[in-house]
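In: could you look at this predicted model? Sequence included:
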Amino acid sequence: MQVYRTNPPAVFAKLKQNIDLPISRIFLEALELENASPNQFQLALESATQAEIPLLKRFNTVFETIVAVAPLLGLLGTILGLIRSFASLNLGGLDGTNTSLVTGGISEALVSTAAGMIVAIFALLFANLFRGFYRRQIALLQEYGGQLEILYEWHYQSLNQKEVTYASNR
């Protein structure tokens, strides 16, 4: 912002140096419009921002899927463990039941439930962390985008006033 405020043409080199940052790509796309009105500049800035949003949100789907699927896998393991436990019961037989198979199945059920919950909890923590990061980035893009729009309009008006003055002096 400081470079654009003092020397607008020099901002292009600075933005191209940081082209890996979304804000640089957005600002560069809007600033590369030649002789754009402030309204056109604002539209270019908004459309470039909209194009970058999917890149900022790219991990949301993965985290949401993990958070949704992990408890279901834990539940599936619980059901399979209980089925194994009940299958090892020999209710009608004279020899009794094999308690090690019953407890093994229950243990399997509890371990799979806990594992599914642990995975879901950690995925949810990371999803919220990235969601917070995304929201901060959007807020910064809006803040700096608004400042850039104001500066662009100010430079646009000063250039138009110079042209009017130059034309009237001829």
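Out: That came through, no problem.
In: how far does the helix or strand harbouring Leu101 sit from its chain's centre?
Out: Following DSSP states H and E, one finds Leu101 within helix 99-169. Its chain's average C-alpha position is 4 Å from that of helix 99-169, according to Cα atoms, centre = their mean, to the nearest Å.
In: by contact count, what packs against that helix?
Out: helix 2-6, helix 22-31, helix 38-56, helix 60-88 (3 or more Cβ pairs under 8 Å, 6 or more residues apart in numbering; DSSP states H and E). Using the backbone N, CA and C atoms, a C-beta is placed for each residue, glycine as well.
In: in a markdown table: those, plus distance to Arg131 and mean pLDDT.
Out: A markdown table is the format used below for these (distance: least, Cβ to Cβ, whole Å; pLDDT from 0 to 100):
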| stretch | distance to Arg131 | mean pLDDT |
| --- | --- | --- |
| helix 2-6 | 30 | 81 |
| helix 22-31 | 16 | 91 |
| helix 38-56 | 10 | 92 |
| helix 60-88 | 7 | 88 |
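In: give me whichever of those is most buried.
Out: Among the helices and strands packed on helix 99-169, the stretch with the highest mean neighbour count (mean count of other Cβ atoms under 10 Å) is helix 22-31, at a mean of 20.
In: and that one with helix 99-169, angle?
Out: 30 degrees (axes from the mean of the first three to the mean of the last three Cα atoms, to 10 degrees).
In: mind exporting helix 22-31 as CSV, just the C-alpha atoms?
Out: Taking Å, rounded to 0.1, in the frame of the first residue of the first chain, the C-alpha atoms of helix 22-31 are listed here in CSV:
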residue,chain,number,x,y,z
PRO,A,22,-3.2,-14.5,-3.2
ILE,A,23,-3.3,-10.8,-2.4
SER,A,24,-0.5,-10.0,-4.9
ARG,A,25,-2.3,-11.9,-7.6
ILE,A,26,-5.6,-10.1,-6.9
PHE,A,27,-4.0,-6.7,-6.8
LEU,A,28,-1.9,-7.3,-9.9
GLU,A,29,-4.9,-8.5,-11.9
ALA,A,30,-6.8,-5.3,-11.0
LEU,A,31,-3.9,-2.9,-11.5
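In: nice, that's everything, thank you.
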